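> Based on what follows, work out the 3D shape:
(one chain, ligands or ions: 3)
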Amino acid sequence: MSAPKTYNIVVLPGDGVGPEVTHATKAVLSVIGDFYGHTFNFSEHLIGGAGIDAVGDPLPQETVDACLAADAVLLGAVGGPQWDGGKRRPEEGLLGLRKAMGLYANLRPLQVSPVLAHRSPLKKEIVEGVDLIVFRELTGGIYFGEKTRTPDRATDLCEYTVPEIERVARAAFQTAQQRRGKVTSVDKANVMETSRLWREVVSRVHREEFPRIELEHALVDSMAMHLIRKPREYDVILTENMFGDILSDEISVLGGSIGLLPSASLGSSGPGLFEPIHGSAPDIAGQDKANPVGTILSAALLLRHSLGLEDEAGSIEAAVAAVLSAGAVTADLGGTLGTRDAANAVIDGISAIHWAAAHRVQMHWA
Ligand code: NAD
Ligand code: IPM
Ligand code: MN
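Ligands and ions are numbered 1, 2, ... in the order given. So this is what the prediction gives:
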C-alpha cells in the first residue's frame, strides 16, 4: 500500500452531464482518500461550452496552465447543440487540451461483465467474456491537419509522421505484453496513404522490438463488422485518431451502455487526462439520469496511471463490479437509480470492501 500523500487533481466538469458525473466521481475519490489516508485537492476549471459562456474561450489559458501543473486531470464532457453554429466550438477546448498536454495515447478498455451481458443488443454468448483495450492515437490524423473552407468547398488534411505512429504503437505493444499478447492494428491501407505509412511503421516496430507479440492488420470497414461478430477474439486494438473514436463507441454497445466506458489519455510524461468515452448527453443533462460509472472507472485509471495508486484503483473497480452485479444501476442499464444514488452505491461498495478487509485482519489477530 502506498504511503499517504497529497495530490492535486484538476477537475474539468464541462457541459451537459459533465458536471453531474464529475461531481459524483469527486465524492468517490474523496472516500478513497479517507480510507487510504490520501488528500485529494480538487480545483475546478473551465472548458468547452462552459468556457465559451463564461469567458468566450473553450480553452482558457489558465485551464491549460492548471492542467499542466496538476498531478492528474479528470474531465466530464464538452459540447451541446446550444453552441452549434457559433464562432468557437466546445470541442476545440478538448482537442486543444489533448494537444497542449501531449496526450498521444488514448486507452479505452472494455470488459463485459457477465451480469450485464444480457443488456447488450448482441447475443449473450457473443459478448460474454469480452476483454479488450483500444489504443487510439490522439493528437494526429485528420483531427489536427489543416482545414480549409470556402462557401462551396471544404477540406480536412489527414497527416501522420513516423514518430507519431511509433510512439503509440510501442505503447500498444507494451500493454499487449502484460495482457494476452495480441495486437490488431486497424487502418484503411487499401485506400489511404497515411494508413499505408501506419501499417509499415507498426510492422517495423513489431519486427524490431516486439517480435513475440502476435500482430494482425485489419481494414477498418471489416473490423467494424468483426467487432460485432467475434469481439472476444480481440486483445489490444491499435488505431489512428478518427477510426479509434468511431470504433470505441461501437464497442461500448457490447458492454451494455456507453455510460460504462472509461478512458485514459497519456503522454510520455506529465499528468494524464481521464474522461468517460461518452459525450455531454444533452438529452438527459441536468436530470440526475446519467450513468456515472464511466467517469468513476476513469478515476480508477487516474489513480493507477497518473498517481501509481494500484490498490486504490483496484478497490474502485471491485466496488463497481459488485454494484453492477447487484443491479444497482442507472436507467441506461435498465435500473432505477439516478446519478447520485449510483455513485453512492459505489461508495457503499468501497466501504463494504474495506470493512471486510479490516474484519479479516482482526480475525487473523484473534
Ligand atoms: P453522447 O455520448 O453525448 O450521447 C449518445 C447517447 O448516449 C445519448 O442518447 C446519451 O443520452 C447516451 N449517453 C451518453 N452518456 C451517457 C451516460 N453517462 N449515461 C447514460 N446515457 C448516456 O454523444 P452525442 O449525442 O453524439 O454528442 C453530444 C455532444 O457531446 C456533442 O456536442 C459531442 O461533440 C459531444 N461529445 C463530447 C465528448 C467528450 O467530451 N469527450 C465525447 C463525445 C461527444
Ligand atoms: C471523444 C469525443 C471527442 C473526439 C470530441 C468531443 C472532440 O468524441 O472523446 O471520443 O472526437 O475525440
Ligand atoms: Mn467520441
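> what residues does the chain put near ligand 2?
Residues of the chain lying near ligand 2 by CB under 6 Å from any ligand atom: 78-79, 91, 94-95, 245, 277. For the C-beta atoms, the positions are set from N, CA and C on the backbone; glycine is no exception.
> try it again with 5 Å
Those residues of the chain that sit near ligand 2, judged by CB under 5 Å from any ligand atom, are 91, 245.
> Helices of the chain, residue ranges please.
For the chain, the helices defined by DSSP state H cover 18-36, 48-55, 61-69, 90-100, 124-127, 162-178, 193-209, 220-229, 241-252, 293-305, 310-325, 339-365.
> need the ones you listed in JSON lines with distance to P262, mean pLDDT and mean neighbour count, can you?
As requested, the helices of the chain are exported to JSON lines (distance: least, CB to CB, whole Å; pLDDT from 0 to 100; neighbours: other CB atoms under 10 Å):
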{"stretch": "helix 18-36", "distance to P262": "10", "mean pLDDT": "97", "mean neighbour count": "22"}
{"stretch": "helix 48-55", "distance to P262": "19", "mean pLDDT": "98", "mean neighbour count": "21"}
{"stretch": "helix 61-69", "distance to P262": "18", "mean pLDDT": "98", "mean neighbour count": "16"}
{"stretch": "helix 90-100", "distance to P262": "16", "mean pLDDT": "98", "mean neighbour count": "20"}
{"stretch": "helix 124-127", "distance to P262": "18", "mean pLDDT": "94", "mean neighbour count": "16"}
{"stretch": "helix 162-178", "distance to P262": "15", "mean pLDDT": "98", "mean neighbour count": "19"}
{"stretch": "helix 193-209", "distance to P262": "25", "mean pLDDT": "99", "mean neighbour count": "17"}
{"stretch": "helix 220-229", "distance to P262": "19", "mean pLDDT": "98", "mean neighbour count": "15"}
{"stretch": "helix 241-252", "distance to P262": "11", "mean pLDDT": "97", "mean neighbour count": "20"}
{"stretch": "helix 293-305", "distance to P262": "4", "mean pLDDT": "98", "mean neighbour count": "26"}
{"stretch": "helix 310-325", "distance to P262": "10", "mean pLDDT": "96", "mean neighbour count": "19"}
{"stretch": "helix 339-365", "distance to P262": "13", "mean pLDDT": "84", "mean neighbour count": "15"}
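> Would you convert those helices into CSV that also reports distance to I284?
Output for these, formatted as CSV (distance: least, CB to CB, whole Å):
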stretch, distance to I284
helix 18-36, 9
helix 48-55, 16
helix 61-69, 26
helix 90-100, 17
helix 124-127, 24
helix 162-178, 33
helix 193-209, 36
helix 220-229, 25
helix 241-252, 16
helix 293-305, 14
helix 310-325, 19
helix 339-365, 9
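> Just put the ones you listed in CSV and tack on distance to ligand 1.
Formatted as CSV, the helices of the chain follow (distance: least, CB to the nearest ligand atom, whole Å):
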stretch, distance to ligand 1
helix 18-36, 6
helix 48-55, 7
helix 61-69, 14
helix 90-100, 5
helix 124-127, 18
helix 162-178, 19
helix 193-209, 23
helix 220-229, 17
helix 241-252, 7
helix 293-305, 6
helix 310-325, 14
helix 339-365, 8
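> Number of residues surrounding the residue in the stretch 251-366 of the chain that ligand 1 sits nearest to?
The minimum distance from the stretch 251-366 of the chain to ligand 1, using CB to the nearest ligand atom, falls at G279 (2.3 Å). Per other CB atoms under 10 Å, the neighbour tally for G279 reads 19.
> Run through the residues that contact the residue lying closest to it once chain neighbours are set aside.
Spatially, and ignoring its direct neighbours in sequence, G279 is nearest to A77 (5.1 Å; CB to CB, 6 or more residues apart in numbering). Going by CB atoms under 8 Å, 6 or more residues apart in numbering, A77 touches 14-18, 21, 48, 275-276, 278-281.
> mind running it again at 10 Å?
Neighbour list for A77: 12-22, 47-49, 90, 94, 275-282, 285, 290, 294-295 [criterion: CB atoms under 10 Å, 6 or more residues apart in numbering].
> Can you report how many residues neighbour the closest residue to N241 other than its chain neighbours?
Spatial nearest neighbour of N241, chain neighbours left out: G141 (3.8 Å); criterion: CB to CB, 6+ apart. Other residues within reach of G141 by the criterion other CB under 10 Å amount to 24.
> could you check the distance from G141 over to ligand 2?
Using CB to the nearest ligand atom, to the nearest Å, one gets 10 Å for the distance from G141 to ligand 2.
> same question, K5
With distances taken as CB to the nearest ligand atom, K5 is found 30 Å from ligand 2.
> next one: A352
For A352, the distance to ligand 2 equals 33 Å [CB to the nearest ligand atom].
> again, but for F40
Using CB to the nearest ligand atom, we find F40 at a distance of 24 Å from ligand 2.
> Now do the contacts for the closest residue to that residue other than its chain neighbours.
Distances taken as CB to CB, 6+ apart place G33 nearest to F40, at 4.8 Å, with adjacent residues excluded. By CB under 10 Å, 6+ apart, the contact list for G33 reads 4-7, 39-41, 312.
> Give me the spatial nearest neighbour of V55, chain neighbours excluded.
Using CB to CB, 6+ apart, the closest residue to V55 is L46 (6.6 Å).
> Over to E317?
E317 sits nearest to A300 (CB to CB, 6+ apart), 5.2 Å away.
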